[in-house]
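structure for the following, please:
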Amino acid sequence: MGKYKWGAVSAVLTIGVLAGCSATPEKGGDTAKNASPSASAAASANAAKKDDKAAAGSPDAWKKGTRVGAAGSLCELPVSFDVAKMWQPKGLKPEDGKLLGEFMGHKSARGACEIDAKPAGNIGFIRVWTTDPTKRSPREVLEEFTGEQPRVVKKEFSDTKAGELPAAEVSYTTKSPLKDEPQQERAFAVVTPKGATVVHLGGFDNTEHKEMLPAYEMAKKSVAPVS
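So this is what the prediction gives:
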C-alpha cells in the first residue's frame with residue numbers, strides 16, 4: 001500500500017481519537033479527582049493545542065517564515081512564494097506526487113509540495129499542484145482541477161492576481177458523508193512557461209479553514225515566477 005494510502009488510514013484513526021476525546025463525561029462526583037489517565041492526557045493535549053492556536057493568532061504568526069519554489073528550496077516549483085511563520089513545507093517526490101493525485105482524484109496535475117499547518121496550531125495543508133507546460137488559461141486549469149474533485153457542490157470563480165501574475169481563483173464547497181456541513185475549500189492558479197501551478201487550501205473543518213486563510217493569502221500575494 002502506498003505512502004498516501006497509509007496516510008489516509010492514519011487520518012481516519014486520528015478522527016476516531018478526536019471523536020473519542022470529545023465525548024461528554026458522566027455527570028456526578030468530583031470530576032477532577034475521578035478523571036482517568038486517558039482523560040487527563042486528552043485535557044493536556046487540548047490545552048497544548050489551545051496554546052498553539054494562541055501563538056498562531058498572535059500578531060507575529062503570519063510573518064514570513066521561509067520561501068519555496070526556487071531551485072534549492074524545500075519545494076522546487078514553477079513559481080515561488082512566501083510561507084507563513086511556523087508552517088512546514090515538504091517537497092514531494094514525483095512518484096509520491098502522482099500517488100497523491102490518484103488518491104485525491106486529480107489527473108490533470110501532480111502533487112509537488114505540502115505545507116503543513118500543524119506546527120502553527122492548525123490541522124490542514126496548503127498543497128501545491130503542478131502541470132507540464134500548457135496553453136490553458138489559469139481559469140481553465142482551475143475548472144479542470146475542481147471538475148476532477150468528487151462531491152463538489154458549489155463553485156465561484158474570479159479573475160485576480162497572484163503577486164504580479166494574472167491568476168484565477170475559486171472558492172468552493174465539498175460535501176462529505178462524514179460531516180454535517182459542506183467543507184469550504186479554495187485555490188488559485190497561475191500559468192508560466194514552466195507550466196501551471198495550483199495552490200490549494202482545505203482544512204480539517206471550516207473553522208480550521210478560516211484560521212488558515214491568512215497563510216494562503218500571504219502565499220498568493222507573494223507569488224513570483226521562477227527563472
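
next secondary structure element downstream of the host helix or strand of Phe81?
Assigned by DSSP states H and E, Phe81 belongs to strand 79-84. Using DSSP H and E, the helix or strand that directly follows strand 79-84 along the chain is strand 88-91.

which strands or helices does the next helix or strand after that next one pack on?
Later in the chain than strand 88-91, the nearest helix or strand by DSSP H and E is helix 94-104. The helices and strands touching helix 94-104, judged by 3 or more Cβ pairs under 8 Å, 6 or more residues apart in numbering; DSSP states H and E, are helix 3-21, strand 110-116. All C-beta spots, glycine's among them, are computed from the backbone N, C-alpha and C.

Lys98 touches Arg110, doesn't it?
Yes: with contacts counted by Cβ atoms under 8 Å, Lys98 reaches Arg110, the gap being 5.5 Å.

ok, these two, which is more surrounded?
For the pair Lys98 and Arg110, the greater number of neighbours falls to Arg110 (20 against 17), based on other Cβ atoms under 10 Å.

and the nearest residue to the more buried one once chain neighbours are set aside, how far from Leu77?
Using Cβ to Cβ, 6 or more residues apart in numbering and skipping residues adjacent in sequence, the residue nearest Arg110 is Gly97, 4.2 Å away. Separation of Gly97 from Leu77 (Cβ to Cβ, to the nearest Å): 11 Å.

list the residues that contact both of these two?
Contact criterion Cβ atoms under 8 Å, 6 or more residues apart in numbering; residues shared by Gly97 and Leu77: Ala112.

identify all contacting residues around the helix or strand harbouring Ser171.
Element membership of Ser171, judged by DSSP H and E, is strand 165-174. Defining contact as Cβ under 8 Å, 6+ apart, one finds that strand 165-174 is touched by 79, 137-139, 141-142, 146, 149-161, 182-190, 192, 220, 223-225.

6 Å instead, please
138-139, 142, 146, 151-161, 182-190, 223 (Cβ atoms under 6 Å, 6 or more residues apart in numbering).

what helix or strand is Glu217 on?
Going by DSSP H and E, Glu217 is in helix 206-221.

now whichever helix or strand comes after that helix: average pLDDT?
Next helix or strand after helix 206-221 toward the C-terminus (DSSP H and E): strand 224-225. Model confidence over strand 224-225 averages 98 on the pLDDT scale.

gap between strand 224-225 and the chain center?
21 Å (Cα atoms, centre = their mean, to the nearest Å).

adjacent strands (with direction) for that strand?
strand 79-84 (antiparallel) (DSSP bridges).

quick revisit: alpha carbons only: can I get the following helix or strand past the strand holding Ser171 in PDB?
Using DSSP H and E, the next helix or strand after strand 165-174 towards the C-terminus is strand 183-192. The C-alpha trace of strand 183-192 is given here as PDB (Å, rounded to 0.1, in the frame of the first residue of the first chain):
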ATOM      1  CA  GLN A 183     -16.500  21.800   3.700                       C
ATOM      2  CA  GLN A 184     -15.000  25.100   2.400                       C
ATOM      3  CA  GLU A 185     -12.000  25.000   0.100                       C
ATOM      4  CA  ARG A 186     -10.300  27.400  -2.200                       C
ATOM      5  CA  ALA A 187      -7.400  27.500  -4.700                       C
ATOM      6  CA  PHE A 188      -5.700  29.800  -7.100                       C
ATOM      7  CA  ALA A 189      -3.800  29.000 -10.300                       C
ATOM      8  CA  VAL A 190      -1.200  30.800 -12.400                       C
ATOM      9  CA  VAL A 191       0.400  29.700 -15.700                       C
ATOM     10  CA  THR A 192       4.100  30.300 -16.600                       C
END
